[in-house]
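Novice: model the following, please.
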Amino acid sequence: MTSQRSSARRRRSVAALGAVSAGLLVLSACDKPTPLATVTVGSDSVHTEASCYNDGKELKQSQLKSCLQDKDVKTVKVDPDEKVRFGVDPEVAEKGWTLLMNGQPLTEASKKTYVVIPGSVFFNQQYGGGGDKSTVSLLEGGKGGTQKATGLWSFKFKKDS
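Specialist: The predicted structure is shown next:
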(Lines give C-alpha, C1' and ligand atoms only; values in the text may rest on other atoms or scores of the structure.)
Protein backbone atom coordinates (compact mmCIF):
# COMPACT_ATOMS: atom_id res chain seq x y z
CA MET A 1 0.00 0.00 0.00
CA THR A 2 2.88 2.35 0.74
CA SER A 3 4.43 1.73 -2.66
CA GLN A 4 1.18 2.67 -4.46
CA ARG A 5 0.99 5.98 -2.56
CA SER A 6 4.66 6.70 -3.31
CA SER A 7 4.20 5.88 -6.95
CA ALA A 8 1.12 8.15 -7.22
CA ARG A 9 2.95 10.99 -5.43
CA ARG A 10 5.89 10.63 -7.77
CA ARG A 11 3.66 10.75 -10.84
CA ARG A 12 1.89 13.88 -9.52
CA SER A 13 5.24 15.52 -8.72
CA VAL A 14 6.62 14.74 -12.17
CA ALA A 15 3.39 16.01 -13.81
CA ALA A 16 3.48 19.24 -11.77
CA LEU A 17 7.15 19.78 -12.56
CA GLY A 18 6.44 19.20 -16.25
CA ALA A 19 3.54 21.69 -16.21
CA VAL A 20 5.65 24.36 -14.50
CA SER A 21 8.51 23.78 -16.97
CA ALA A 22 6.16 24.03 -19.95
CA GLY A 23 4.64 27.24 -18.56
CA LEU A 24 8.05 28.83 -18.11
CA LEU A 25 9.06 27.80 -21.62
CA VAL A 26 5.92 29.40 -23.09
CA LEU A 27 6.51 32.61 -21.11
CA SER A 28 10.14 32.85 -22.19
CA ALA A 29 9.12 32.56 -25.85
CA CYS A 30 6.81 35.59 -25.65
CA ASP A 31 8.03 38.76 -27.30
CA LYS A 32 7.99 41.87 -25.18
CA PRO A 33 5.48 44.28 -26.76
CA THR A 34 6.86 47.51 -28.15
CA PRO A 35 6.04 50.73 -26.31
CA LEU A 36 2.87 52.46 -27.49
CA ALA A 37 2.32 55.89 -29.00
CA THR A 38 -1.10 57.53 -28.70
CA VAL A 39 -2.77 60.32 -30.66
CA THR A 40 -5.87 61.99 -29.20
CA VAL A 41 -8.06 64.40 -31.13
CA GLY A 42 -11.04 65.67 -29.16
CA SER A 43 -12.38 62.61 -27.37
CA ASP A 44 -11.06 60.07 -29.89
CA SER A 45 -7.78 58.26 -29.20
CA VAL A 46 -5.76 55.97 -31.44
CA HIS A 47 -2.72 54.06 -30.25
CA THR A 48 -0.25 51.87 -32.06
CA GLU A 49 2.88 49.83 -31.55
CA ALA A 50 6.06 50.89 -33.31
CA SER A 51 6.43 50.50 -37.07
CA CYS A 52 10.16 49.99 -36.45
CA TYR A 53 11.59 48.89 -33.13
CA ASN A 54 14.54 46.68 -32.27
CA ASP A 55 14.07 46.21 -28.53
CA GLY A 56 15.53 49.66 -27.84
CA LYS A 57 18.65 49.13 -29.98
CA GLU A 58 19.74 51.53 -32.72
CA LEU A 59 17.90 51.29 -36.03
CA LYS A 60 19.80 51.57 -39.31
CA GLN A 61 19.01 54.51 -41.62
CA SER A 62 17.75 52.06 -44.27
CA GLN A 63 15.28 50.61 -41.74
CA LEU A 64 14.03 54.07 -40.78
CA LYS A 65 13.64 55.09 -44.41
CA SER A 66 11.62 51.96 -45.11
CA CYS A 67 9.43 52.47 -42.05
CA LEU A 68 8.73 56.10 -42.98
CA GLN A 69 7.28 54.78 -46.24
CA ASP A 70 5.09 52.18 -44.49
CA LYS A 71 1.55 52.34 -45.89
CA ASP A 72 -0.03 50.10 -43.25
CA VAL A 73 -0.48 52.70 -40.49
CA LYS A 74 -3.55 53.83 -38.58
CA THR A 75 -5.57 56.75 -39.92
CA VAL A 76 -6.68 59.56 -37.63
CA LYS A 77 -9.29 62.14 -38.63
CA VAL A 78 -8.13 65.57 -37.51
CA ASP A 79 -10.31 68.66 -37.34
CA PRO A 80 -7.94 71.59 -38.00
CA ASP A 81 -9.71 73.52 -35.20
CA GLU A 82 -8.96 70.81 -32.60
CA LYS A 83 -5.81 70.27 -30.58
CA VAL A 84 -3.88 67.07 -31.26
CA ARG A 85 -2.28 65.36 -28.25
CA PHE A 86 0.62 62.95 -28.69
CA GLY A 87 1.56 60.59 -25.88
CA VAL A 88 4.42 58.13 -25.44
CA ASP A 89 5.43 55.60 -22.82
CA PRO A 90 7.81 56.95 -20.14
CA GLU A 91 10.67 54.77 -21.46
CA VAL A 92 10.38 56.56 -24.84
CA ALA A 93 10.27 59.96 -23.14
CA GLU A 94 13.50 59.16 -21.26
CA LYS A 95 15.38 58.79 -24.55
CA GLY A 96 13.77 61.85 -26.10
CA TRP A 97 11.48 61.91 -29.12
CA THR A 98 10.71 64.17 -32.05
CA LEU A 99 7.58 64.63 -34.15
CA LEU A 100 8.10 64.23 -37.89
CA MET A 101 5.63 65.32 -40.53
CA ASN A 102 6.00 63.70 -43.93
CA GLY A 103 9.48 62.57 -42.82
CA GLN A 104 10.72 66.03 -41.78
CA PRO A 105 11.22 67.23 -38.18
CA LEU A 106 8.25 69.24 -36.93
CA THR A 107 9.33 69.73 -33.30
CA GLU A 108 12.47 69.84 -31.22
CA ALA A 109 13.26 66.72 -29.20
CA SER A 110 11.11 66.34 -26.10
CA LYS A 111 11.50 64.32 -22.92
CA LYS A 112 7.86 64.79 -21.95
CA THR A 113 5.34 61.96 -22.09
CA TYR A 114 2.96 64.11 -24.16
CA VAL A 115 2.82 67.24 -26.31
CA VAL A 116 -0.07 69.22 -27.77
CA ILE A 117 -0.07 70.68 -31.31
CA PRO A 118 -2.88 72.63 -33.04
CA GLY A 119 -4.58 70.46 -35.69
CA SER A 120 -4.21 73.14 -38.36
CA VAL A 121 -0.43 72.65 -38.39
CA PHE A 122 -0.74 69.24 -40.06
CA PHE A 123 -2.43 70.66 -43.16
CA ASN A 124 -0.45 73.91 -43.47
CA GLN A 125 2.20 74.15 -46.21
CA GLN A 126 4.28 76.47 -44.04
CA TYR A 127 4.99 73.51 -41.73
CA GLY A 128 5.44 70.88 -44.44
CA GLY A 129 1.82 69.80 -44.66
CA GLY A 130 -0.52 70.44 -47.48
CA GLY A 131 -3.74 69.14 -48.85
CA ASP A 132 -6.00 66.92 -46.81
CA LYS A 133 -3.48 64.27 -45.68
CA SER A 134 -0.19 64.07 -43.77
CA THR A 135 1.93 61.29 -42.33
CA VAL A 136 2.97 62.06 -38.78
CA SER A 137 5.64 59.99 -37.04
CA LEU A 138 7.16 59.92 -33.58
CA LEU A 139 10.90 59.22 -33.69
CA GLU A 140 12.51 57.90 -30.50
CA GLY A 141 16.06 59.23 -30.08
CA GLY A 142 17.68 60.23 -33.34
CA LYS A 143 17.48 63.76 -34.71
CA GLY A 144 17.71 66.04 -31.72
CA GLY A 145 17.30 63.18 -29.24
CA THR A 146 19.97 62.18 -26.75
CA GLN A 147 20.66 58.86 -28.45
CA LYS A 148 20.56 57.14 -31.82
CA ALA A 149 17.15 56.50 -33.40
CA THR A 150 15.64 53.43 -31.74
CA GLY A 151 11.94 53.51 -32.65
CA LEU A 152 9.38 54.96 -35.04
CA TRP A 153 5.58 55.16 -34.71
CA SER A 154 3.50 56.53 -37.60
CA PHE A 155 -0.06 57.74 -38.18
CA LYS A 156 -1.88 59.01 -41.27
CA PHE A 157 -3.74 62.24 -40.57
CA LYS A 158 -6.78 62.96 -42.70
CA LYS A 159 -8.44 66.37 -42.60
CA ASP A 160 -11.88 66.16 -40.99
CA SER A 161 -13.90 69.20 -42.05
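
Novice: where along the protein do the strands fall?
Specialist: Listed in chain order, the strands of the chain (DSSP state E) span residues 36-41, 44-49, 52-53, 74-78, 83-88, 97-101, 104-105, 114-118, 133-140, 151-159.

Novice: just put those in TSV and tack on mean pLDDT and mean neighbour count.
Specialist: For every residue, glycine as well, the C-beta is placed using N, CA and C. Listed next are those as TSV, based on pLDDT from 0 to 100; neighbours: other CB atoms under 10 Å:
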stretch	mean pLDDT	mean neighbour count
strand 36-41	96	19
strand 44-49	94	13
strand 52-53	92	22
strand 74-78	95	18
strand 83-88	97	19
strand 97-101	94	23
strand 104-105	90	13
strand 114-118	96	13
strand 133-140	94	24
strand 151-159	95	23
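
Novice: so which of those gets nearest residue 62?
Specialist: strand 52-53 (10.6 Å; CB to CB).

Novice: tell me what that closest one is packed against?
Specialist: Judged by 3 or more CB pairs under 8 Å, 6 or more residues apart in numbering; DSSP states H and E, strand 52-53 is in contact with helix 61-68, strand 151-159.

Novice: residue 49: which of these is closest?
Specialist: Across these, closest to residue 49 is strand 151-159 (CB to CB), at 7.6 Å.
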